[in-house]
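In: Fold the following, please.
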Amino acid sequence: MANSMTRHDSGNNATWTKIIVSKTDYRDIMWTDLLEIAEDHWKWVQAQPGAYTRWESCLVAALFLPSTKGGVIFLSTIPRGSKHTEMMNGARAAPAWFHATTGGTNRNTNLQLHAEDGAEFLFETSPYARGIVSRNLQYVTPDRDNAHSRMKLAVWGRHKTSPAQGESIALCTVSEKQPKCPAVARALNIAYCERYKVRFEQQHR
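Out: Model (predicted):
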């Protein structure tokens, strides 16, 4: 199926990921389009056994990498099982993400992982990260004609209070996670979806 994702582990340990590559010049993407991609994959994954966590959450984060050679989108659900273990020990595999996620301490004490972390980790451990991760541990797109376009992050899914059809999920601001996902995105130089940005797009389309 077009919107299927790769499963890692099973049952309550399951995590799903996917990388989508566009072969066309893809230097930017509308927030509404990125959300639609996350939503389409959420619709598939939320019907799979074990998709929901014990906190009744099922989320898909979509991280967009612009490129004149073809944009790439990295998708991830909430990391669990072996994927969670891999990321908890990810200081060498994804140093920029790990540094940002631990608040600059590079220690994984009480590190909580969200779907956003899964997408960022998937990107940084992929071949597409070469030349993107800068020495100051940020994600900087290098294309000469694309100097000002940043990576973009959006999330779609359900918490237990969300509507049945899912919704656009704001990056965490009230969870116990520290640093929170907006702070991690800012540290990595990633733009993230906010309601006012979507409204602006819809009003000027």
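In: Pro182 - how many residues pack around it?
Out: Using other Cβ atoms under 10 Å, Pro182 has 17 other residues around it. All C-beta spots, glycine's among them, are computed from the backbone N, C-alpha and C.
In: Leu63 belongs to a helix?
Out: No - going by DSSP: H, G, I helix; E, B strand; the rest coil, the assignment for Leu63 is strand, not a helix.
In: Check the gap between the closest residue in space to it that isn't next to it in sequence and Phe200 for me.
Out: Nearest non-adjacent residue to Leu63, counting by Cβ to Cβ, 6 or more residues apart in numbering: Ala119, 3.9 Å away. According to Cβ to Cβ, to the nearest Å, Ala119 stands 23 Å off from Phe200.
In: element containing Arg7, please.
Out: Using DSSP states H and E, Arg7 maps to strand 6-8.
In: Next secondary structure element downstream of that strand?
Out: Counting by DSSP H and E, the element that comes right after strand 6-8 along the chain is strand 15-21.
In: ok now the helix or strand just after that following strand, how far from the chain's centre?
Out: Next in sequence after strand 15-21, counting helices and strands by DSSP H and E, comes helix 31-45. For helix 31-45, the separation from the chain centroid amounts to 12 Å (computed by Cα atoms, centre = their mean, to the nearest Å).
In: List the buried residues in helix 31-45.
Out: The neighbour-count check on helix 31-45 (16 or more other Cβ atoms under 10 Å) flags 31, 34-35, 37-39, 41-42, 44-45 as buried.
In: and if you look at stretch 51-68?
Out: Neighbour counts over stretch 51-68 (16+ other Cβ under 10 Å) mark 51-53, 57-67 as buried.
In: In CSV, list those residues along with pLDDT and distance to Val155.
Out: As requested, those are exported to CSV (pLDDT from 0 to 100; distance: Cβ to Cβ, whole Å):
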residue, pLDDT, distance to Val155
Ala51, 97, 15
Tyr52, 96, 15
Thr53, 95, 14
Ser57, 95, 11
Cys58, 97, 11
Leu59, 97, 6
Val60, 98, 7
Ala61, 98, 5
Ala62, 98, 7
Leu63, 97, 10
Phe64, 95, 12
Leu65, 93, 16
Pro66, 89, 19
Ser67, 80, 22
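In: How about the contacts made by Glu176?
Out: Residues near Glu176 by Cβ atoms under 8 Å, 6 or more residues apart in numbering: Gln112.
In: Would you mind checking which helix or strand in the protein has the lowest mean pLDDT?
Out: helix 195-203 (a mean of 85; mean pLDDT, DSSP states H and E).
In: I'd like the distance from that helix to the chain centre, please.
Out: Distance, centroid of helix 195-203 to centroid of chain: 20 Å (Cα atoms, centre = their mean).
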